[in-house]
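# what's the 3D shape of this:
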Amino acid sequence: MTASTLDTSARTPLKGWLAVLAVTLGIFSLVTTEILPIGLLTPIGEDFRITPGTAGLTMTLPGFLAALAAPAVTVAAGRLDRKILLCALMVVLALSDVLAATAHAYWAVLVSRVLVGLVIGAFWAIGSGLAARLVGPERAGTATAVIFSAVPLGSVLGVPAGTFLGELFGWRAAFAVMAVFTAGVLAALAWALPPLPSAGATRLGVLREMTRQRATRLGLAVTVLVVLAHFGTYTYVTPLLRQVTQVSPELITVFLFVYGTAGIAGNFVAGAAIARDLRLTFLTAAGLIGVVTCALPFLGDTEPGALALLVIWGFAYGAVPVCSGTWFARAAPQAPEAASVLFTSSFQATLSAGALLGGLVVDAVSVPAVMVTGGVVALLAVAVLSRARSA
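Residues are numbered from 1 along each chain as shown. The predicted structure follows:
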């Protein structure tokens, strides 16, 4: 009898899906909290009288720390029940929001972002691989797509809502609301999740062994290339829309909302498509990102052209997290938690690195140049996958 069977045999399908929803809300809370400062950097900088670059540390810190926290916390947790661990992580996330909302010095804000990074790495590493344990292997693909839908939902709903609150009541109010929301998610997890005893302590030796497998190395390579390309370019899509397309600030919000909505659709379409051909789905997503980012500086000089390309880009990127997460899970079916750790670490580290490297290209050359550079990197991922056998 497998761990998934043990977890699901005594529960109704409804209870399993409610647990999936609770985990999805947890990741939504994480994603929203992680990228919330995007719309609040200016008021944060003005409040503490710091430069935009210094305020930007609120964005770069969590990603790098999450990459370290994913293996560190998972290994340190040993055989601790995963329900208890996930609930404890939500407590820490709520406290980090409270700390940010009440900070009287910028160092306190940075401490809160350190806590956010630790929670992101650990919660993602555990929560993203729970689908089969909650609803059974036969529904794992759909459940995984539901869980990963929290990523575009956080961008589409969470960040605009936080920015709106910040404009009305101040940036601290946005973090205060997130603290209350996270407390609600904690209650949902405590109520909906069944006991989740560890299927076996994740050890560093298991992670090292996984990286020796060809399928895992291929997944790492493609994930790094695609995520590097995406965040190296998407971080600077607003300057592109202003400089090349000459879109008004009000309309940029609409463009990004449409982009995020397309990402939600791409997430669910990919969830169904990977059941038929994971490699082709991942390859298609990477290819579309590469073509669109290369084309934006040339075909995005009109509003209809830019909007059409953003829809394709959003749809394609919506498929990336679920493709990458599923790839790692299939590469190590005997160690699902270790697979989630590698997925989380590679994704989060490359997310932050992409934004930093993209900034270097923008400063050295231009915003259109970073789009083309990112597109070439994404197309390199296509070349890597094209040479691989079907996953």
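
# and the residue positioned nearest the centre of the chain, how far is that from residue 78?
Geometric centre of the chain, nearest residue: residue 151, 5.2 Å, by Cα atoms, centre = their mean. Applying Cβ to Cβ, to the nearest Å, the value for residue 151 to residue 78 is 28 Å. (C-beta placed from N, C-alpha, C; glycine too.)

# repeat for residue 328
21 Å.

# more neighbours: those two, which one.
residue 328 (27 against 11; other Cβ atoms under 10 Å).

# I figured the more buried one hits residue 217, correct?
No. Residue 328 lies out of contact with residue 217 (Cβ atoms under 8 Å); the separation is 11.1 Å.

# show me the contact partners of the helix or strand hosting residue 152.
Using DSSP states H and E, residue 152 sits in helix 150-153. The contact list for helix 150-153 (Cβ atoms under 8 Å, 6 or more residues apart in numbering) reads 24-28, 30-31, 260-261, 263-264, 266-267, 314, 318, 321.

# between the residues you listed, which sits nearest residue 167?
residue 260 (19.0 Å; Cβ to Cβ).

# quick check, the closest one in contact with residue 149.
No. Using Cβ under 8 Å, residue 260 is not in contact with residue 149, being 11.2 Å away.

# what mean pLDDT does the helix holding residue 152 get?
The predicted model assigns helix 150-153 a mean pLDDT of 84.

# with stretch 345-352 instead?
The average pLDDT within stretch 345-352 is 83.

# next: stretch 99-106.
Confidence for stretch 99-106, expressed as mean pLDDT, is 95.

# now do it: distance to the chain's middle.
When distances are taken as Cα atoms, centre = their mean, to the nearest Å, stretch 99-106 is centred 25 Å away from the chain's centroid.

# could you tell me the end-to-end distance of that stretch?
By Cα to Cα, to the nearest Å, the extent of stretch 99-106 from end to end equals 11 Å.

# ok, and what's touching it?
Under Cβ under 8 Å, 6+ apart, the answer for stretch 99-106 is 48, 50, 54, 108-109, 111-113, 115, 172-173, 175-176, 179.

# in these, which has the lowest confidence score?
In terms of pLDDT, residue 54 ranks lowest among those, with 78.

# gap between that residue and residue 107?
Distance from residue 54 to residue 107, by Cβ to Cβ: 11 Å.

# ok, those two, which is more surrounded?
residue 54 (15 against 10).

# host element of the more buried one?
According to DSSP H and E, residue 54 maps onto helix 52-55.

# quick one on the thing from earlier: how near is the residue nearest to the centre of the chain to residue 84?
25 Å.

# end-to-end on stretch 292-305?
Per Cα to Cα, stretch 292-305 runs 11 Å from first to last residue.

# buried residues in it?
Neighbour counts over stretch 292-305 (16 or more other Cβ atoms under 10 Å) mark 292-297, 300 as buried.

# so which of the residues you listed sit within helices?
Among those, the residues falling in helices (DSSP state H) are 292-297.

# between these, which sits nearest residue 92?
Using Cβ to Cβ, these come closest to residue 92 at residue 293, 35.7 Å.

# now do the helices in the stretch 101-250 of the chain.
With DSSP state H, counting those that start in this stretch, the ranges of helices along the stretch 101-250 of the chain come out as 106-127, 131-135, 140-148, 150-153, 159-169, 171-192, 204-211, 214-234, 237-240, 249-273.
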